[in-house]
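Student: sequence plus the predicted model coming up.
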Amino acid sequence: MAKNLPKDVREKIAHALGIIGDDTAIAALIATMQHDRSPDIRAAASMALSWHEAMDALIVALSDESPIVRAAAATALSCKYYETDSAEFTLVVSALAGVLLNDKSITVRKAVIDALGRQAGAIAANAVMHALAHDRSALVRAAAASVLGGIGDVHKNIAVEALIEAMLHDSSPRVRAASASALGNFTNERVFDTSTIVDALADALHRDSSVSVQKAAVASLKLLRASSVLADALTSVYKEAKNE
């Protein structure tokens, strides 16, 4: 792609090439992603490659010097469907998990969390749960909590345990609220121990001083149809007021 063109023009060209999507277009986008002087254009080229056969180049872009490009490459890798039992799927998810563990940029790690949520599978689930428990950024931990509900049935019981732990013990109200909200996804009594989930949400409702956590717990208790817990919480207010 011509480097002497203005940045906004190069960005429109990248978008157009992504729509065209033939071999010539893909080759030009890969070259742009690797060599353009502007991180914004390299990121635009990454996103334009989202639906095309460019896995290897996008994985390389996960190591770009610019966090904008790394985040775009992570998002682009998650847009294309890979068979979960394929070597490509394992390669993509493993690469994303490695970035989540090692990248210093909060923006990149959050983009990877979202990407792993779309890919699912054991590697993704483990990486997201590790981030929920250990990432130093509350924003990333909250994102991890939010995506855990969609990781996949085989991992959801483990996800429930991770979410309850975060809801009750994370230092950030944002993370505790996101975890409480995510627990509202686990309503199938034949799959999950919903009584444990309800008990944990009730604990958060009564003990957490954050209004956002309390509201999230109420919303999830509603989804779990925990009427007795909600009724007890409401009537306890009147009892406390009467005793004052």
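Tutor: Arrived safely, thanks for sending.

Student: can we go C-alpha only for contacts and neighbour counts from here?
Tutor: Fine.

Student: may I see the buried residues of stretch 203-212?
Tutor: 204-205, 208, 212 (16 or more other Cα atoms under 10 Å).

Student: same check on stretch 12-24?
Tutor: Quick answer for stretch 12-24 (16+ other Cα under 10 Å): 13-15, 17-18, 21.

Student: so what touches it?
Tutor: 25-26, 28-29, 41, 44-45, 48-49, 52 (Cα atoms under 8 Å, 6 or more residues apart in numbering).

Student: at 7 Å what do you get?
Tutor: Residues from elsewhere that reach stretch 12-24, judged by Cα atoms under 7 Å, 6 or more residues apart in numbering: 25, 29, 44-45, 48-49.

Student: chain center to it: distance?
Tutor: 28 Å (Cα atoms, centre = their mean, to the nearest Å).

Student: and stretch 158-168, by the same measure?
Tutor: Relative to the chain's own centre, stretch 158-168 is displaced by 16 Å; criterion: Cα atoms, centre = their mean.

Student: centroid residue for this protein?
Tutor: Centrality entry for the chain: nearest residue to the mean C-alpha point is D114, 2.9 Å, by Cα atoms, centre = their mean.

Student: the helix or strand that contains that residue: which residues count as buried?
Tutor: Under the criterion of DSSP states H and E, D114 resides in helix 106-119. Buried residues in helix 106-119, counting neighbours by 16+ other Cα under 10 Å, are found at 106, 108-119.

Student: pLDDT below threshold where in this structure?
Tutor: For the chain, the stretches with pLDDT under 70 are 1-3, 152-156, 237-244.

Student: which stretches in it count as helices?
Tutor: Per DSSP state H, the chain carries helices over the ranges 7-20, 23-35, 39-48, 55-61, 67-79, 87-102, 106-119, 122-134, 138-147, 153-169, 173-182, 194-207, 211-223, 227-243.

Student: circling back: using CSV, please lay out the buried residues of stretch 203-212 together with distance to A226.
Tutor: Listed next are the buried residues of stretch 203-212 as CSV, based on distance: Cα to Cα, whole Å:
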residue, distance to A226
A204, 14
L205, 13
D208, 18
S212, 19
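
Student: ok, of those, which one's closest to L168?
Tutor: Checking the buried residues of stretch 203-212 against L168 with Cα to Cα, the nearest one is A204 at 6.4 Å.
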